[in-house]
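Peer 1: predicted structure and sequence below. I'll ask about it afterward.
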Amino acid sequence: MSRELHHKTLVLGSGPAGCTAALYLARAQLFPAVLAGPLPGGQLVLTPEVENYPGASGPIASMALMDTMRAQAESFGAQFLPDTIVRTDFTRRPFLCVGEEASYTAEAVIIATGASARWLGVPGEERLRGCGVSACATCDGAFFRGKTVAVAGGGNAAVDEALFLSRLAAHVYLIHKRDTLRAEAIQKERLLACPNVTCLWHKRVTMCQGDKRLEAVTLEDTQTGTSELLPLEGLFVAIGRTPETEVFQQQILLTEKGSIVITSGQTGTSVPGIFAAGDVCAHAHKQAVVAAGSGCQAALEAEQWLGRNPLREA
Ligand SMILES: Cc1cc2nc3c(=O)[nH]c(=O)nc-3n(C[C@H](O)[C@H](O)[C@H](O)COP(=O)(O)OP(=O)(O)OC[C@H]3O[C@@H](n4cnc5c(N)ncnc54)[C@H](O)[C@@H]3O)c2cc1C
């Protein structure tokens, strides 16, 4: 691969954070190229509808929302390219991002590569995603008002999801392969005191069942190996998220879990000129509107930084 393309600014990722960053950079005449990556439109396109994105009177089709965000950025001159970054070098400026199709250099880079939900990988799970199987209670919990649901997992995220759902669903099962939760004590206490929550210890989901929608899960006892059927209308998988940061290792500071460490309350990373926005950042609230907001913030901070740090021609 020989092509090397230079852009004033580069945005890595085309989810809500990347599209919003591109919109603001383009309007500021910073000529962004957006590398759309392996999932054009980002995580939101994995769900059919969004109900909690502000500005709509009813549910919005996720694909249409992301197409509109992209078109809006393009209308101001942002250039979307179908490439995925496989290597970066942030020790030099212009910064270098090597893609599968070409190499890209830029004076400032905004990383908006997101974090993918981890799934159980059991039969039926993928087919029923969006039809009873979800990885986000804040996003999809409202569809399960008055219904029976379960959360799979045993960490902080699982306990938070179960507590959130307990306020909406008729009954919540927490399915965990051990008999202790790896969560903050206060959250554990709250969960165990909830009258409509039952913890199913030493159990793991081995299959999601249902024709068009989830109807039940098969549970295996991790001690005895016996199986049983648990009728359910919703299953929330809460076993963590994987930040998409492999290509930034050794280049910028990451947390132990691989999220990008950003300057408190801002979007700067450990390398001046490299900014990060959205779910890829540590402590980000994993919601589209938050990602979009931080994409805007990253673009504004990049604009200010470029004003103070113009690249001198060699
Ligand atoms: C099933 C599901 C339902 C959801 N429902 C809702 C909801 O109802 N409401 C809500 O507010 N939020 C919802 N969310 C959460 C929401 O989708 C995320 O918070 C949001 O998409 C995060 O935006 P982002 O731009 O930070 O990252 P993402 O949307 O994850 O986008 C990341 C982008 O980076 C790109 N990328 C990754 N690696 C590379 C690479 N190496 N090079 C170049 N590009 C790369 C990907 O192709 C993608 O375009 C849901 C999430 C899921 C999974």
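Peer 2: On my side now, so go ahead. Numbers count the residues shown, from 1 in each chain.

Peer 1: any residues of the stretch 101-250 of the chain in contact with the ligand? List them.
Peer 2: Applying Cβ under 6 Å from any ligand atom, we find that the stretch 101-250 of the chain lies next to the ligand at A112, T113, G114, A117, S134, A135, C136, C139, E244, V247. The way it works is simple: take the backbone N, C-alpha and C, and place the C-beta from them, glycine included.

Peer 1: out of the residues you listed, what pair is the most spread apart?
Peer 2: Largest separation among these by Cβ to Cβ: S134 and V247, giving 28.2 Å.

Peer 1: between these two, who's got more neighbours?
Peer 2: More crowded of S134 and V247, by other Cβ atoms under 10 Å: S134, with 25 against 18.

Peer 1: of all the residues of the stretch 101-250 of the chain next to the ligand, which comes closest to A302?
Peer 2: Closest approach to A302 among those (Cβ to Cβ): A112, at 11.7 Å.

Peer 1: quick one on the thing from earlier: in helices only, show me the residues of the stretch 101-250 of the chain next to the ligand.
Peer 2: Among those, the members falling in helices (DSSP state H) are C139.

Peer 1: can I see the domain layout of the chain?
Peer 2: Domain assignment for the chain, taken from automatic domain parsing, gives 4-117+241-308, 133-237.

Peer 1: skipping its backbone neighbours, what lies nearest P40 in space?
Peer 2: S14 (5.2 Å; Cβ to Cβ, 6 or more residues apart in numbering).

Peer 1: since we're on that neighbour, how many residues are nearby?
Peer 2: 29.

Peer 1: and T138, by the same measure?
Peer 2: By other Cβ under 10 Å, neighbour count at T138 equals 14.

Peer 1: likewise the one 4 residues further on?
Peer 2: Per other Cβ under 10 Å, the neighbour tally for A142 reads 11.

Peer 1: for the one 10 residues further on, same thing?
Peer 2: Residues lying near A152 (other Cβ under 10 Å) number 28.

Peer 1: residue contacts, the closest residue to the ligand within the stretch 51-200 of the chain?
Peer 2: In the stretch 51-200 of the chain, the residue that lies nearest the ligand is G114 (2.2 Å; Cβ to the nearest ligand atom). Taking Cβ atoms under 8 Å, 6 or more residues apart in numbering, we find G114 in contact with G13, G15, A17, L39, G42, Q43, P243, E244, G278, D279, V280, A291.

Peer 1: not counting sequence-adjacent ones, nearest residue to it?
Peer 2: Nearest non-adjacent residue to G114, counting by Cβ to Cβ, 6+ apart: D279, 4.6 Å away.

Peer 1: low-confidence regions, the stretch 1-150 of the chain specifically.
Peer 2: Filtered on pLDDT under 70, the stretch 1-150 of the chain yields the residue ranges 1-2.

Peer 1: what mean pLDDT does the helix or strand harbouring A158 get?
Peer 2: If you go by DSSP states H and E, A158 is part of helix 156-166. For helix 156-166, the mean per-residue pLDDT is 92.

Peer 1: quick one: residues in contact with that helix.
Peer 2: Outside of helix 156-166, the residues within contact range by Cβ under 8 Å, 6+ apart are 137-138, 141, 144, 149, 151-153, 172, 174, 176, 181-184, 187-188, 190-191, 194, 196-197, 234, 236, 238-240.

Peer 1: so what strands line up beside the following helix or strand past it?
Peer 2: Next along the chain after helix 156-166, taking DSSP H and E as the criterion, comes strand 171-175. Strand pairing for strand 171-175, using DSSP bridges, gives strand 148-152 (parallel), strand 197-200 (parallel).

Peer 1: residue nearest the centroid of the chain?
Peer 2: The residue lying closest to the centre of the chain (Cα atoms, centre = their mean) is A115, at 4.0 Å.

Peer 1: ignoring the adjacent residues along the chain, who's closest to whichever residue of the stretch 151-300 of the chain sits closest to the ligand?
Peer 2: The nearest approach of the stretch 151-300 of the chain to the ligand comes at G278, 2.1 Å away (Cβ to the nearest ligand atom). Computed as Cβ to Cβ, 6+ apart, the closest residue to G278 that is not its neighbour in sequence is A17, at 2.9 Å.

Peer 1: who are the packing partners of whichever strand or helix holds L306?
Peer 2: L306 is part of helix 288-308, with elements assigned from DSSP H and E. Counting contacts by 3 or more Cβ pairs under 8 Å, 6 or more residues apart in numbering; DSSP states H and E, helix 288-308 packs against strand 4-12, helix 16-27, strand 103-111, strand 274-276.

Peer 1: same list (the ones you listed) but as JSON lines, adding mean neighbour count.
Peer 2: Formatted as JSON lines, the helices and strands packed on helix 288-308 follow (neighbours: other Cβ atoms under 10 Å):
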{"stretch": "strand 4-12", "mean neighbour count": "23"}
{"stretch": "helix 16-27", "mean neighbour count": "29"}
{"stretch": "strand 103-111", "mean neighbour count": "26"}
{"stretch": "strand 274-276", "mean neighbour count": "30"}
